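Trainee: task: produce atomic coordinates for the following.
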Amino acid sequence: MSFFDKHVFVCCNQRAAGEDCCNNHSSSELLAYMKDRIKALGLAGDGRIRVNKAGCLGRCDQGPVMVVYPQETWYTFVDREDIDEIIDEHMVAGRIVERLKV
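Mentor: Numbers count the residues shown, from 1 in each chain. A predicted model of the protein is given here:
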């Protein structure tokens, strides 16, 4: 059994100049937004939801990306609206956001 109900890893990898990576698509800023929103909603903590920064998750061509465990669900996202939809639908309502799945 997982320590957290959901454990989210957001790729914030930064590659050398000229190479595409998740951090070139604002993943660090969107990670901070997601962490703040999860906390503001009272969803963070033991047995609940944990959001972590991750190094390269190996899917830069689909980035930015995150993976949610234990469901093993991979998402791409581009803005705060996408993050809000992932939080509202997956984290709160338990429904996969099909349009953002990779």
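Trainee: so for the longest helix belonging to the chain, mean pLDDT?
Mentor: Ranked by residue count under DSSP state H, the longest helix found in the chain is helix 27-40. In this model, helix 27-40 carries a mean pLDDT of 97.
Trainee: again, but for stretch 3-10
Mentor: pLDDT averaged over stretch 3-10 gives 96.
Trainee: what of stretch 44-55?
Mentor: pLDDT averaged over stretch 44-55 gives 96.
Trainee: sorry, back to before: send the alpha carbons of the helix or strand that comes right after the longest helix of the chain over as PDB?
Mentor: Next helix or strand after helix 27-40 toward the C-terminus (DSSP states H and E): strand 49-54. This file holds the C-alpha atoms of strand 49-54, laid out as PDB (Å, rounded to 0.1, in the frame of the first residue of the first chain):
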ATOM      1  CA  ILE A  49      -1.400  13.900  -2.100                       C
ATOM      2  CA  ARG A  50       2.300  14.600  -2.500                       C
ATOM      3  CA  VAL A  51       3.700  16.600  -5.400                       C
ATOM      4  CA  ASN A  52       7.400  16.300  -6.100                       C
ATOM      5  CA  LYS A  53       9.900  17.800  -8.600                       C
ATOM      6  CA  ALA A  54      11.500  15.100 -10.700                       C
END
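Trainee: phi, psi for the closest residue to R50 other than its chain neighbours please.
Mentor: Distances taken as C-beta to C-beta, 6 or more residues apart in numbering put F4 closest to R50, at 4.5 Å, once the chain neighbours are dropped. The way it works is simple: take the backbone N, C-alpha and C, and place the C-beta from them, glycine included. Main-chain torsions, F4, degrees, to the nearest 10: phi -110, psi 150.
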